[in-house]
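Whatever this is, show me its structure:
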Amino acid sequence: MGPKKCSVITVSLKGQSNLFLPPQAPRSDSANGIQTWKYDQANIREVVSHMIMVHELPFAFTEYELFTLLMKIASPHHKCLQNWGIKGKVCLIFVGSASYNDAVVRMLKDSLSFHKRLPLNGKLFHVHCCAHILNLLVHDGLSKIEDVIDNVRESVKYITASTVPLTMFSDIVKQLQLPNKRLILDCCTRWNATYAMLSCVLEFKDVFLWYAQRDASYKYFPSDEDWVKVQEVCSFLALFNEVNNIISGSECPTSNLFLPKLWSIKELLMEKSLSEELWMRQMVDKMQIKFDKYWVECSLLISIAAILDPSNKMKLIYFSFCVIYSEEEASR
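Below you'll find the model as predicted:
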């Protein structure tokens, strides 16, 4: 006999109908005014989106405790795990770091742990997105030099806002015989876009100096100290940008590369924590706190992925753990 095939589970998108009495229906002993109604997740999502936009509510509104309670009361029938029969087949789950994800995963883990169905008592169950954690890590660090970044951002906005300043800026670029590149305005929610903006602006440092002498209305010119910070930050973030490109790769598996790359980030953070510059130490200290928190949660799974790479095996573990941990912790 051949192997058994999984039974096909038919999913009905019609939803469960419920009975309700419309407000406009006349009071009567008969049931003529009773109609059917069903819960529509897509419709609820659309209405909530309009509510947030029209009333200018924060996006975090949907994470409020009482709003969550409201949704539970509105739709108490969450039985998808039983319906799909996957309660004994889930090993781990990857999610972003939003607070509502943490809450959902915690409830799901408690449910599955109760039935003793998670390997290693659930140590591999909850895995945050590494790229997202890296994004949060750098954002925490850059917050310490936010005034410098804002100054650079406003400079780029001022130059690119209209034709006259942009033409004047381009003329200076030609006079200095610099590469004809466009200034990059970042998206403040993406650190790699901020890194690209700072790297580009750094190439035109002399151009901004000349431009400030020609345009009296330009008030955002970075100071010499600011330029030093921009240069050091760009050098510092080069490794993070490289690691981000590898982690976000989609053409081949990259999980076996996470450990050596995270180890290199930890090594860089330790090096910069000894910097003579106070602002750099403050930036790195904040980043190390987030790195250590993430590493405690995900070190086991990332280590397994590295060990399964034949070119690494346990050698990489012995080497990298001595850097990431103290000697006593690494042995344990």
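
who's in contact with residue 222?
148, 151, 152, 155, 208, 230 (CB atoms under 8 Å, 6 or more residues apart in numbering). The way it works is simple: take the backbone N, C-alpha and C, and place the C-beta from them, glycine included.

mind checking the SS state of it?
coil (DSSP: H, G, I helix; E, B strand; the rest coil).

sorry, back to before: and the furthest pair within the contacts of residue 222?
In terms of CB to CB, the contacts of residue 222 reach their longest pairwise distance at 148 and 208, which sit 13.6 Å apart.

on that earlier part again, show me which of the contacts of residue 222 is closest to residue 43.
residue 152 (44.4 Å).

Within its local environment, how many residues does the closest one see?
Neighbour count of residue 152, defined by other CB atoms under 10 Å: 23.

Does the one helix or strand residue 303 maps to pack against any helices or strands, and if so which?
Assigned by DSSP states H and E, residue 303 belongs to helix 278-307. If you count contacts as 3 or more CB pairs under 8 Å, 6 or more residues apart in numbering; DSSP states H and E, helix 278-307 packs onto strand 126-128, helix 130-142, helix 224-247, helix 258-272, helix 315-324.

And residue 176, its phi and psi?
phi -90, psi 0 (degrees, to the nearest 10).

An error on my part: the question was meant for residue 216.
phi -70, psi -20.

Can you pull out the low-pLDDT segments for the stretch 101-250 of the chain?
115, 249-250 (pLDDT under 70).

how's the protein carved up into domains?
Domain assignment for the chain, taken from automatic domain parsing, gives 52-72+79-128, 133-331.

out of the ones you listed, nearest to residue 44?
domain 52-72+79-128 (8.1 Å).

start to end distance for that closest one?
27 Å (CA to CA, to the nearest Å).

Ok, stretch 269-282 next?
Termini of stretch 269-282 sit 11 Å apart (CA to CA).

Now do the same for that stretch: mean pLDDT, whole number.
The average pLDDT within stretch 269-282 is 91.

Need the winner for burial among the domains of the chain.
domain 133-331 (a mean of 16; mean count of other CB atoms under 10 Å).

re the thing from before, and the contacts of residue 222, which is closest to residue 69?
Using CB to CB, residue 148 comes nearest to residue 69 of the contacts of residue 222, at 43.1 Å.

residues touching the closest one, list them.
Contacts of residue 148 by CB under 8 Å, 6+ apart are 222, 226, 229, 230.

Kindly report the same for residue 282.
Listed by CB under 8 Å, 6+ apart, the contact set of residue 282 reads residue 144.

So residue 195 sits against residue 236, correct?
No - Residue 195 lies out of contact with residue 236 (CB atoms under 8 Å); the separation is 9.6 Å.

hang on, the earlier thing: mind putting the helices and strands packed on helix 278-307 in a markdown table, distance to residue 89 included?
Output for the helices and strands packed on helix 278-307, formatted as a markdown table (distance: least, CB to CB, whole Å):
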| stretch | distance to residue 89 |
| --- | --- |
| strand 126-128 | 17 |
| helix 130-142 | 24 |
| helix 224-247 | 27 |
| helix 258-272 | 25 |
| helix 315-324 | 29 |
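
looking at those, which is closest to residue 283?
helix 130-142 (4.4 Å).

tilt between that closest one and helix 278-307?
Angle of helix 130-142 versus helix 278-307, following axes from the mean of the first three to the mean of the last three CA atoms, to 10 degrees, is 170 degrees.

What are the contacting residues of helix 130-142?
So helix 130-142 is in contact with 96-97, 149, 190-191, 194, 233, 237, 240, 243-244, 247-248, 258, 262, 283-284, 286-287, 289-291, 294, 298, 302, going by CB under 8 Å, 6+ apart.

same thing but at 7 Å, please
Defining contact as CB atoms under 7 Å, 6 or more residues apart in numbering, one finds that helix 130-142 is touched by 96-97, 149, 191, 194, 237, 240, 243-244, 247-248, 258, 283-284, 286-287, 290-291, 294.

Pull the distance from it to the chain's centre.
7 Å (CA atoms, centre = their mean, to the nearest Å).

Could you check the angle it makes with helix 258-272?
Using the same axes, to 10 degrees, helix 130-142 lies at 10 degrees relative to helix 258-272.

oh, and call the first residue 347 from now on, that's how I've got it
All set: I'll call the first residue 347, so the last point we hit is now helix 476-488.

Show me how far the next helix-or-strand element following helix 476-488 is from its chain's centre.
Next along the chain after helix 476-488, taking DSSP H and E as the criterion, comes helix 492-506. Between the centre of helix 492-506 and the centre of its host chain there is 24 Å, according to CA atoms, centre = their mean.
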